[in-house]
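Visitor: sequence? don't have it. structure:
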């Protein structure tokens with residue numbers, strides 16, 4: 001079993017590699033469709049701006065590779081902007097995204113008392129059951145850095161919620177072979193490592 005980490009110049013790849021290495025997980029950077037085809041699972045991480053990220057994915061053919069991966073029923077984990085881009089559309093730059101999961105990306109409102117961007121540790125309240133949170137306590141804290149949040153079209157997709165800037169948003173969701181988290185498990189200490197371990201070995 002090999003996990004590919006999508007590399008599309010959106011940063012954060014190195015920290016994901018470090019986390020997987022700590023878990024003893026075989027992994028490879030993926031910057032071409034051919035490399036993606038050779039992977040059993042993909043992690044789609046990243047930070048940055050939606051339109052720029054989608055442009056690089058398109059230039060490298062990674063948008064088509066991600067769609068094929070999901071169509072084949074192979075597991076995909078989206079992290080931060082990777083969590084957002086699997087949806088249909090983002091308010092950030094009026095960006096058309098991958099449309100792998102029905103839903104939109106909304107801006108966190110300012111002027112509600114909490115700072116935007118949302119940076120730092122916050123609790124994730126589990127909703128229902130999801131293998132990603134297996135062995136983790138309810139309301140575990142994870143590390144966030146974002147100004148936009150995912151809004152899946154169906155409530156049944158949501159497996160974790162978080163509150164910031166007066167909004168309770170889906171900080172984790174799952175649809176078919178796709179799991180997605182708005183927070184950064186690779187920067188979230190032992191709970192984050194446990195979540196990545198669950199994706200790697202229990203999916």
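Guide: Happy to help now that I have it. Small disclaimer: the values here were computed from a predicted structure and weren't measured. Numbers count the residues shown, from 1 in each chain.

Visitor: SS state for residue 17?
Guide: Judged by DSSP: H, G, I helix; E, B strand; the rest coil, the three-state class of residue 17 is helix.

Visitor: so it is in contact with residue 26, correct?
Guide: No. Residue 17 is beyond contact range of residue 26, at 11.4 Å (criterion: Cβ atoms under 8 Å). Every residue, glycine included, has its C-beta placed from N, CA and C.

Visitor: overlap in contacts of these two?
Guide: Shared contacts of residue 17 and residue 26 (Cβ atoms under 8 Å, 6 or more residues apart in numbering): none.

Visitor: more neighbours, those two?
Guide: Ranked by neighbour count (other Cβ atoms under 10 Å), residue 17 and residue 26 place residue 17 first, with 19 against 12.

Visitor: list the contacts for that one?
Guide: Contact analysis of residue 17 by Cβ under 8 Å, 6+ apart lists 5, 27, 29.

Visitor: average pLDDT for the lengthiest helix in the chain, rounded please.
Guide: What stands out as the longest helix in the chain, according to DSSP state H, is helix 189-202. Average pLDDT, helix 189-202: 96.

Visitor: just stretch 26-41 next, same as before
Guide: 97.

Visitor: and that stretch, what's buried?
Guide: Buried positions in stretch 26-41, judged by neighbour count with 16 or more other Cβ atoms under 10 Å: 27, 30, 31, 33, 35, 36, 39, 41.

Visitor: do the same with stretch 131-151
Guide: When neighbours are counted by 16+ other Cβ under 10 Å, the buried residues of stretch 131-151 are found to be 132-133, 136, 140-146, 148-151.

Visitor: end to end, how far does that stretch reach?
Guide: 21 Å (Cα to Cα, to the nearest Å).

Visitor: likewise for stretch 88-106?
Guide: So stretch 88-106: terminal residues 11 Å apart, Cα to Cα.

Visitor: ditto for stretch 69-82
Guide: With Cα to Cα as the measure, stretch 69-82 spans 15 Å from end to end.

Visitor: tell me the mean pLDDT for that stretch?
Guide: The average pLDDT for stretch 69-82 rounds to 98.

Visitor: and what of stretch 139-154?
Guide: Regarding stretch 139-154, the rounded mean pLDDT is 98.

Visitor: where's residue 137 relative to residue 183, distance?
Guide: To residue 183, residue 137 is 15 Å away according to Cβ to Cβ, to the nearest Å.

Visitor: with residue 25 instead?
Guide: Using Cβ to Cβ, we find residue 25 at a distance of 19 Å from residue 183.

Visitor: neighbour-wise, which of these two wins?
Guide: Neighbour count, other Cβ under 10 Å: between residue 25 and residue 183, residue 183 has more, with 27 against 19.
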